[in-house]
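Participant: Any chance you could fold what I've pasted below:
(one chain, ligands or ions: 1)
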Amino acid sequence: MASAPRPTKRGSTDPDFFSSARSFPITVGTNVRPGELHGYYVDLSFKAETPSWPPPWLPPRDQQLHVSTAQWGIGAYERYIAGEGEQWLEAARGAADHFVKEQVRDGVRRGAWLHGMPMHHTFLLRPPWISAMAQGEVASLLTRVHKETGDDRYAESALMALEPLRISSLRGGTEALLGGGPFYEEYPTDPPSFVLNGGIYAMWGVYDVSIGLDPDRAGRDWADSLDVLASNIHRWDCGYWSIYDLFPHPVPNVASSAYHLLHTTQLRAMQLIAPRPEFEVTASNFERYSQSRLNEGRAFATKSASRMVVPRNRLLAHRLPWSESRRGQKVKSGRLAHSLVLAYHAVSPHWPSSLAVTPGRLREHLEMLVRYGYVGATFADVIRGDVSAKTVAVTFDDGFQSVIKHAFPVMSELGLPGTIFVPAGLMGLGAPMRWSGIDKWLDTEWENELMPATWDELRQLQDAGWEIASHTWSHARLPQLSDDELATELSRSRDRISQEMGGPCETLAYPYGDYDDRVRELARETGYAGAASMHPGPESPYCWPRIGIYSIDEGVRYRLKASSAVRRLRSSRLGQALEYRRHLPGRHPS
Ligand SMILES: [Zn+2]
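Facilitator: Okay, the predicted model is just below:
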């Protein structure tokens, strides 16, 4: 979906002609279940107006833009799972059948859906051309229809849809290298255009195939593409607005208002299924930019210039000359006030658990934040509001010894303090910790990864400016406890930590991120200044939002098993308490 690049022929046959993103802002999908083929990641239901194939606007074959047709099909599926009736599944199936029939079966373009019209405007593409965005969106449609119908033709076609994504755009595929890694080209151009929204839509197709059909190969593709997107996402951030594409235009191609909003929504959706600090930072930046009318004015001034169009508001354009150096703009500090709380668990070079990130990955995340101007703080600092404009609190749950061995050196080098939430009754026992979710690693070669820190090691962290905080006494699932047991878990851990550390234990993280109103209230009564939850959301002292960071490689495999856990969580009191869909943590065992 592109604002600048359009089919040459426009009019009533173009579905986007009537549904501008301004009048129908695309939001995060309402039925997303991380790790499961269900609701699509952004809500496209408004794209499907009538439940019968073909849609009335479908142009002749050589004029079709496949992303429009795929989005119509996904929108129909979305209406079906929202309970609007079987006819919507039939409509989605009609679109799926169309794509199975139209797919190239042989040759270098095997798996592709070809476009028969040239693309003018920003990018010159001569037919037949293919689009990674179309490949991905059709794969998302086909995997879902396959899941509902069990018809293997859809599965086979979805698997084939990914083939062009693995072939260089210089050789007829849609892959281009960005920062040394593969990125999916909505418009395969030379030099590459790297259209952000299309690349993300393509990635979601890969993700869906990895969940539904091919966890190995598509799972690896998904993990690789996530790494590439995360380590390059800053390139689409010009310091006051998002950028539509990275083609070497004479002037950066700043996104239209609608595409800026879409970028933000897509990154928020990514945080649902594959949380990364890079996405969080960039999404937060984009949201802040949107809040500033001045920035919007600047964006439109630049956008108009890049299109060689006279700005509508000459006076505004005159007052807002853009400059090449847009980073580090002075902005009222209130706008920048933003704290980011990250939740890690173990740090290990080898442990293949979703709870562990490698020291190298941790370093990448934190170096990026430091580059963005984030300043470190403890979780208690954040709760007290004792922070500068842009703050990151790096937290570690569970008290793994690996945090001292592998995280502490990295953080010290970067000058960042940390917060470690420890189940106080298990620290220093010299035996692997155990609770539901980690005990599968007992009696394996990874058993030592479950070793707790010693109190001496924790004092060493404290001396370096870290906060040692509570993760209860025994890593209990708090909402399930009696009042007495709950009081003991909260107060005994707090007392023990205060005693060992020689100072107050100020904050708490709920094991499994699991809490309810009673738990929050008792945490407050026990004397904690605040408590950390395990999901993003509005800031509230006793369920402070955090971004959970897990290992993706394990995550791909874990997600295959996670769907029932996610369903259970959805129906739990906690799940219902999450008033906003993007808060669902998904695949988190601890
Ligand atoms: Zn935990």
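Participant: First-to-last residue distance for stretch 500-520?
Facilitator: 25 Å (Cα to Cα, to the nearest Å).
Participant: should've said stretch 32-44
Facilitator: End to end - Cα to Cα - stretch 32-44 spans 12 Å.
Participant: same thing with stretch 76-85?
Facilitator: For stretch 76-85, the end-to-end distance is 10 Å (Cα to Cα).
Participant: now it: how far from the chain's centre is it?
Facilitator: 24 Å (Cα atoms, centre = their mean, to the nearest Å).
Participant: what comes into contact with that stretch?
Facilitator: Stretch 76-85 has contacts (Cβ atoms under 8 Å, 6 or more residues apart in numbering) with 29-31, 38-40, 43-45, 48, 51, 86, 88-89, 91-92, 95, 141, 144-145, 148. In this view, the C-beta of every residue, glycine as well, is placed from N, C-alpha and C.
Participant: tell me the contacts of the residue of the stretch 151-300 of the chain found nearest the ion?
Facilitator: Nearest residue of the stretch 151-300 of the chain to the ion: residue 275, at 16.3 Å (Cβ to the ion). For residue 275, the contact set (Cβ under 8 Å, 6+ apart) comprises 536, 547, 548, 549, 550.
Participant: and of those residues, the nearest to residue 25?
Facilitator: When the contacts of residue 275 are compared for distance to residue 25 (Cβ to Cβ), residue 536 wins out at 19.8 Å.
Participant: What pLDDT is listed against that closest one?
Facilitator: pLDDT recorded at residue 536 is 67.
Participant: Could you do the one 3 residues further on as well?
Facilitator: In this model, residue 539 is scored at 78, pLDDT.
Participant: circling back to that earlier point, buried ones from the contacts of stretch 76-85, can you make that a PyMOL selection?
Facilitator: Buried residues among those (16 or more other Cβ atoms under 10 Å), as a PyMOL selection:
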select buried, resi 29+38+39+40+43+44+45+48+51+88+89+91+92+95+141+144+145+148
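Participant: Residue 274 against residue 226, yeah?
Facilitator: Yes. Contact status for residue 274 versus residue 226: in contact at 5.5 Å, counting by Cβ atoms under 8 Å.
Participant: all helices for the stretch 51-200 of the chain, in order.
Facilitator: Under the criterion DSSP state H, counting those that start in this stretch, the stretch 51-200 of the chain contains helices at 66-79, 86-102, 132-149, 152-161, 196-212.
Participant: Same list, those helices, but as JSON lines with mean pLDDT please.
Facilitator: Shown next, in JSON lines, are these (pLDDT from 0 to 100):
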{"stretch": "helix 66-79", "mean pLDDT": "97"}
{"stretch": "helix 86-102", "mean pLDDT": "98"}
{"stretch": "helix 132-149", "mean pLDDT": "98"}
{"stretch": "helix 152-161", "mean pLDDT": "97"}
{"stretch": "helix 196-212", "mean pLDDT": "96"}
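Participant: what's the distance between residue 101 and the ion?
Facilitator: 50 Å (Cβ to the ion, to the nearest Å).
Participant: What is the least confident helix or strand in this protein?
Facilitator: helix 314-319 (a mean of 28; mean pLDDT, DSSP states H and E).
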